[in-house]
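1. I need the structure of the sequence given here:
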Amino acid sequence: MTDFLRRLLRTPQGFLGSLIVGLILIAVALGQWLTPYGPADMQALARYGAPSIEHWLGTDQYGRDILSRLLDGARSTVVMALLATFIGTLGGAVLGTGSAYLGGRADEFIMRTVDAVMAIPSLLLALLVVSLLGSSSANALLAIAIAFMPSMARISRSVALAVRKQDYVSAAIARGEGSTYIILREMLPNVIAPIVVEMTIRVSFAVMLFATLSFLGLGAQPPATDWGLMVSEARQYLHRSYWILLWPSAAIALTAIGFNLLGDGLRDALNPRT
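-> Below you'll find the model as predicted:
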């Protein structure tokens, strides 16, 4: 473990990505205790307040402290993105590994279906799912998870095809183990490394997708503190107080950059050639 962390942190992208993601996770875990203001506390005399000692990032159109809302929104935005990515990755990994194990016509049918779904852009697929299920954070999470499954299935299958030929899989078949046991206990744990790297990078896309759905009114609903919803509510006040729009936009961008850099660092750290 120590050697892995050393390999991860010795690269610029791994170090910077770990730092950014670490700070974001601290905000997620401790955000509600890091500021004296409540995310819904309104101060009529402090509306459109510029950044100051009392309000480090300023206040919005209702006099609410922007920093407090950002820290509170981190719990919903980042946690929901992590959950959506995990569910989509797990479903795609099981589907792709199972397809590689079954082979033949079953593999052909599953992969052609996956290819057809992959032809639909992730955002468009997520919009379709949310439009069918209704506007809510839970439905947005499910939509993003479904949008991520096909690509994760394709990646998992490409790795699982090599694992399928290994001796321990042949030994499990010879022992008479069932397909479910072989897929979940023998094959899936051995395709985890490239999946973890891809999952880390996918979190950044999940953050942006979730923010986009909230921005369009299809994800989190007012008075939630989701970052995408904050951007949507602030756009009409851009001419008066640009910082209302600036800070949630910067939070989304920084989170996406952090997880992208961390994914690149994990890829280098888990590369057997390095």
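2. residues contacting Leu9?
-> Applying CB atoms under 8 Å, 6 or more residues apart in numbering, we find Leu9 in contact with Phe15, Ser18, Gly265. In short, each C-beta sits where N, CA and C put it, glycine included.
3. Which strand or helix spans the first one?
-> Using DSSP states H and E, the element containing Phe15 is helix 12-30.
4. before we move on, back to that, scan the contacts of Leu9 and report the most crowded one.
-> When neighbours are counted by other CB atoms under 10 Å, Gly265 leads those with 25 neighbours.
5. longest single helix anywhere in the chain?
-> If you go by DSSP state H, the chain has its longest helix at helix 66-102.
6. So which bits of that helix are buried?
-> With burial defined by 16 or more other CB atoms under 10 Å, the residues of helix 66-102 counted as buried are 66-78, 80-102.
7. Can you check what pLDDT the model gives the nearest residue to Ala256 once chain neighbours are set aside?
-> Leaving aside its chain neighbours, Ala256 sits nearest to Ser204 (3.9 Å; criterion: CB to CB, 6 or more residues apart in numbering). We note a pLDDT of 90 for Ser204 in this prediction.
8. My guess is Ser204 contacts Asp264. True?
-> No. Using CB atoms under 8 Å, Ser204 is not in contact with Asp264; the gap is 10.9 Å.
9. These two: who's more crowded?
-> Applying other CB under 10 Å to Ser204 and Asp264 shows that Ser204 carries more neighbours, namely 22 against 19.
10. same for the helix or strand hosting that one, what does it pack against?
-> Using DSSP H and E, the element containing Ser204 is helix 192-215. The helices and strands touching helix 192-215, judged by 3 or more CB pairs under 8 Å, 6 or more residues apart in numbering; DSSP states H and E, are helix 66-102, helix 122-133, helix 137-163, helix 227-234, helix 243-269.
11. I'd like the ones you listed written out as CSV, with mean pLDDT added.
-> CSV is the format used below for the helices and strands packed on helix 192-215 (pLDDT from 0 to 100):
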stretch, mean pLDDT
helix 66-102, 91
helix 122-133, 88
helix 137-163, 91
helix 227-234, 91
helix 243-269, 91
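12. Quick check: which of those is nearest to Asp115?
-> For Asp115, the closest of these is helix 137-163, at 7.9 Å, according to CB to CB.
13. Could you report the separation of Ile192 from Arg202?
-> Separation of Ile192 from Arg202 (CB to CB, to the nearest Å) stands at 15 Å.
14. So which of those two has more stuff around it?
-> Legend: neighbour count by other CB under 10 Å for Ile192 and Arg202, higher for Arg202 (27 against 14).
15. Burial check on Asp3, number of neighbours?
-> Number of residues near Asp3 (other CB under 10 Å) recorded here: 8.
16. That one: what secondary structure?
-> At Asp3 the chain is in helix, as set by DSSP: H, G, I helix; E, B strand; the rest coil.
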